[in-house]
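> sequence and predicted structure below; questions after.
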Amino acid sequence: MKAIWNSKIIAESDDTVVIENNHYFPENSIKKEFFKNSNTHTVCPWKGKAHYYTVTVDGKENTDAAWYYPEVSELAKPIKGRIAFWKGVSIEK
């Protein structure tokens, strides 16, 4: 699977975990040069506290376009160490 934004592949892996229709990519599959930590956090009642990344490609910024859970609940163990996308990031085979 590939995560694509602004015509660039920002993550790629054959090992994604799908939860709630979101592909969670392994952390080591992202192209770190496109990712910057965000101060945004949200809480999912069953997964835990989400942290976000802003994605920047060719000078275009997509604020909080990726998220991850540094600490996950027992129910969410399959997504520990994984990152998911939204806000116009397309997921393709």
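Structure received. Numbering: from 1, shown residues only.
> please count neighbours and contacts with C-alpha atoms only from this point.
Will do.
> surely residue 16 meets residue 3?
No. Residue 16 lies out of contact with residue 3 (Cα atoms under 8 Å); the separation is 10.8 Å.
> so for these two, which sits in the more crowded spot?
For residue 16 versus residue 3, neighbours defined as other Cα atoms under 10 Å are more numerous around residue 3 (23 against 20).
> in the helix or strand harbouring that one, what counts as buried?
In this assignment (DSSP states H and E), residue 3 forms part of strand 2-5. The neighbour-count criterion (16 or more other Cα atoms under 10 Å) identifies 2-5 as the buried residues of strand 2-5.
> any chance of the residues you listed in CSV, plus pLDDT and distance to residue 53?
Conversion of the buried residues of strand 2-5 to CSV gives the following (pLDDT from 0 to 100; distance: Cα to Cα, whole Å):
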residue, pLDDT, distance to residue 53
2, 98, 17
3, 98, 14
4, 98, 15
5, 98, 13
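> what are the contacting residues of the strand holding residue 3?
Under the criterion Cα atoms under 8 Å, 6 or more residues apart in numbering, residues 9-13, 57, 85, 88-93 lie in contact with strand 2-5.
> tell me the two of the residues you listed that are most distant?
57 and 93 (20.4 Å; Cα to Cα).
> strand partners of the strand holding residue 3, parallel vs antiparallel please.
In the sheet containing strand 2-5, the strands it pairs with under DSSP bridges are strand 8-12 (antiparallel), strand 90-92 (antiparallel).
> related to what we said a few turns ago, of residue 57 and residue 93, who's got more company?
Relative neighbour count places residue 57 above the other of residue 57 and residue 93, with 16 against 8, counting by other Cα under 10 Å.
> one step back: off-centre distance for the strand holding residue 3?
How far strand 2-5 lies from its chain's middle: 10 Å, per Cα atoms, centre = their mean, to the nearest Å.
> could you shift the numbering so residue one becomes 429, and keep it that way?
Will do, 429 is the new start, and the previous item becomes strand 430-433.
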